[in-house]
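K.L.:
Give me a model of this one.
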Amino acid sequence: MGKVIAVSNQKGGVGKSTTVVNLAAVFGEKGNKVLIVDVDPQGNATTSLGIRKKSVRNTSFEMLMGECSAFEAVVATEHKGVSLVPTTQQLSGASAVLLQQKDRVKRLREVLKDAREFYDYIFIDCPPTLDLLTINALVAADSVLVPIQCEFLSLEGLAELKNTIERIRASYNPELRLEGILFTMYVDRYKVTKQIEKEVKRYFPDSVFKTVIPRNVAVSEAPSFGMPVIYYDKKCKGSRAYEALAKEIIERKKVKNG
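P.N.:
Here you go, the predicted model:
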């Protein structure tokens, strides 16, 4: 059964979609079957993979509404091992519709059951809000990967997400765990970077990834070409960082499985 990782932070602009796309690409390149499920109405993961939103027939909206299966919503990408359930702005109305449903918080978990048997990894790109889409993602996931930028406002968002995870565990998904906290857009020479890093590690001593994602021009440019950074510039610092992150996740999984 595949592993489902929700990539979430209630603060926007921290590199969620970038992390989803590039981490998925690294796992795909290593021979894994990977599925990205885009449940952020902004659709940045969809765009970053070069998928034209107007060309897709089924999206995460139709999937969540029960109008198609997960497999019927999947589109292939040009990148080895990586498939996608795309999204469009239509998804922004999903929360209002889901409110009327009895299984409103479990819809994504149910629809991904069969996909879990087929894919090695499923990455869910969450919106930067605590709405029913994010709750669905956390209920469906085995773990949560939290990207944060080294700035003071990120600490507030991290505390809110921690509380959310605890509530989801208590009510819907007791197996949900924190995959790790990932520093993104990391600039070593900034004083604030070291201050925030120290503070986060104080509160989450065992949860912070050793790998950090540096602020890197290639990482920022790659989405405009519809490709992950490892295909845009294999040798850049950003590519090497995401490869190191994938390795760290695999090592943690080995330790957990013992």
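K.L.:
Ala241 in helix, strand or coil?
P.N.:
Recorded secondary structure, Ala241: helix (DSSP: H, G, I helix; E, B strand; the rest coil).
K.L.:
How many residues are close by the nearest residue to it once chain neighbours are set aside?
P.N.:
Nearest residue to Ala241, sequence neighbours excluded (Cβ to Cβ, 6 or more residues apart in numbering): Ile213, at 4.8 Å. (C-beta placed from N, C-alpha, C; glycine too.) Neighbour count for Ile213, taken as other Cβ atoms under 10 Å: 26.
K.L.:
Who are the contact partners of the closest residue to Leu245 other than its chain neighbours?
P.N.:
In space, Leu245 comes closest to Thr211 once its chain neighbours are excluded; the distance is 4.4 Å by Cβ to Cβ, 6+ apart. Counting by Cβ atoms under 8 Å, 6 or more residues apart in numbering, Thr211 touches 182, 241, 244-245, 248.
K.L.:
what do you get for Thr19?
P.N.:
Contact partners of Thr19, counting by Cβ under 8 Å, 6+ apart, are 7, 145, 147, 182, 184, 213, 242.
K.L.:
Would you confirm that the third one belongs to a helix?
P.N.:
No. With the criterion set as three-state DSSP, the secondary structure at Pro147 is strand rather than a helix.
K.L.:
hang on, the earlier thing: helix or strand for the residue nearest to Leu245, which one?
P.N.:
Secondary structure from DSSP states H and E places Thr211 outside every helix and strand.
K.L.:
Enumerate every residue touching Leu49.
P.N.:
Leu49 makes contact with 21, 36, 77, 79, 82, 84, 226-228 under the criterion Cβ under 8 Å, 6+ apart.
K.L.:
Mind checking what helix or strand follows the helix or strand where Asn22 lies in sequence?
P.N.:
Here Asn22 is covered by helix 16-29, with elements defined by DSSP H and E. For helix 16-29, the succeeding helix or strand toward the C-terminus, using DSSP H and E, is strand 34-38.
K.L.:
quick one on the thing from earlier: how about the residue nearest to Ala241, what does it touch?
P.N.:
Applying Cβ under 8 Å, 6+ apart, the residues near Ile213 are 15, 19, 147, 182-186, 219, 238, 241-242, 245.
K.L.:
Looking at those residues, which is nearest Tyr203?
P.N.:
Set against Tyr203, the nearest of those by Cβ to Cβ is Phe183 (14.0 Å).
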